[in-house]
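Engineer: Show me how the following folds:
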Amino acid sequence: MRKKVCLLVGLLFFLSSWVSAQDEEIRVKEGNLSFFKTNTEAFVLIDLSEVQYGKENLYEEYRQTVGVELPKKLLDRSISDFCVQFNYQNKEGLRVNSKNQNAPYRMDIQLHQLNEGNAGGILNIDDRTAGGAKISGIVSLIEVLTNKPLCTIEFNDISSDSKLSKKARIAGAFEELGFHLGKLVSQ
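Structural biologist: Residues are numbered from 1 along each chain as shown. A predicted model of the protein is given here:
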């Protein structure tokens with residue numbers, strides 16, 4: 001009986017620490033979430049100007065060195081996946097999209113870190129480096145007329161599932177960000 005109680009207490013401790021770690025992936029840095037409760041629109045932009053690509057290289061240095069740039073099609077898909085998840089979670093408040101640039105608000109997603117992950121988890125379950133893309137950065141809700149940030153939200157290590165395609169992993173990370181952010185602001 002004592003072993004069962006110890007095992008149960010250990011399991012509850014593990015689950016509670018895991019749940020609290022999940023909640024710390026995204027948090028309000030400045031401002032408040034009341035602006036997300038308004039029934040209006042915002043258009044979404046992704047800012048890659050300060051992103052560290054992978055572990056050390058700044059995105060621009062990486063792009064110049066390797067000659068690779070994230071294609072516009074991938075960024076459009078990432079924004080679209082983000083918008084779908086955010087709007088699904090935040091049904092009663094702010095709606096986001098990539099089309100209406102005349103919206104009264106703008107949501108800037110400024111990436112600080114982007115790790116594209118790899119497909120190892122699909123191909124080899126024992127691969128310790130397997131995993132989806134991970135993104136970290138800041139989301140700012142900005143009033144377009146005044147260019148004033150109303151709310152700033154920090155996110156860390158939001159990750160997607162391991163998928164075969166780099167594009168799918170990166171877009172999946174933005175989809176996860178939309179899910180977590182939509183859940184946070186709808187509470």
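Engineer: Toward the C-terminus from the worst-scoring helix or strand of the chain on mean pLDDT, list the very next helix or strand.
Structural biologist: Every helix and strand of the chain was ranked by mean pLDDT, DSSP states H and E. The lowest is helix 2-23, at a mean of 45. Following helix 2-23 in sequence order, the next helix or strand is strand 26-31 (DSSP states H and E).
Engineer: helices and strands around that following strand, which ones?
Structural biologist: strand 148-159, helix 166-186 (3 or more Cβ pairs under 8 Å, 6 or more residues apart in numbering; DSSP states H and E). No exception for glycine: its C-beta is placed from N, CA and C like everyone else's.
Engineer: which of the ones you listed sits most buried?
Structural biologist: helix 166-186 (a mean of 22; mean count of other Cβ atoms under 10 Å).
Engineer: Which secondary structure elements does it sit against?
Structural biologist: Partner elements for helix 166-186 (3+ Cβ pairs under 8 Å, 6+ apart): strand 26-31, helix 72-89, strand 105-115, strand 134-143, strand 148-159.
Engineer: do that again at 6 Å, thanks
Structural biologist: The contact analysis (3 or more Cβ pairs under 6 Å, 6 or more residues apart in numbering; DSSP states H and E) places helix 166-186 against helix 72-89, strand 148-159.
Engineer: quick one: which of those is nearest Leu45?
Structural biologist: With Cβ to Cβ as the criterion, Leu45 lies closest to helix 72-89 of the helices and strands packed on helix 166-186, at 7.9 Å.
Engineer: List the contacts of the following helix or strand past that closest one.
Structural biologist: Later in the chain than helix 72-89, the nearest helix or strand by DSSP H and E is strand 95-97. Outside of strand 95-97, the residues within contact range by Cβ atoms under 6 Å, 6 or more residues apart in numbering are 41-44, 83, 86-87, 107.
Engineer: Parallel or antiparallel, which strands does strand 95-97 pair with?
Structural biologist: With DSSP bridges as the test, strand 95-97 is paired with strand 41-47 (parallel).
Engineer: Using neighbour counts, pick out the buried residues of the strand it pairs with.
Structural biologist: Buried residues in strand 41-47, counted by 16 or more other Cβ atoms under 10 Å: 41-46.
Engineer: rewinding a little: just put the contacts of strand 95-97 in CSV and tack on pLDDT.
Structural biologist: Shown next, in CSV, are those (pLDDT from 0 to 100):
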residue, pLDDT
Glu41, 95
Ala42, 96
Phe43, 95
Val44, 96
Cys83, 95
Phe86, 96
Asn87, 95
Met107, 97
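Engineer: Just send those residues back as TSV, with distance to Leu184 too.
Structural biologist: Listed next are these as TSV, based on distance: Cβ to Cβ, whole Å:
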residue	distance to Leu184
Glu41	19
Ala42	15
Phe43	20
Val44	16
Cys83	16
Phe86	10
Asn87	14
Met107	13
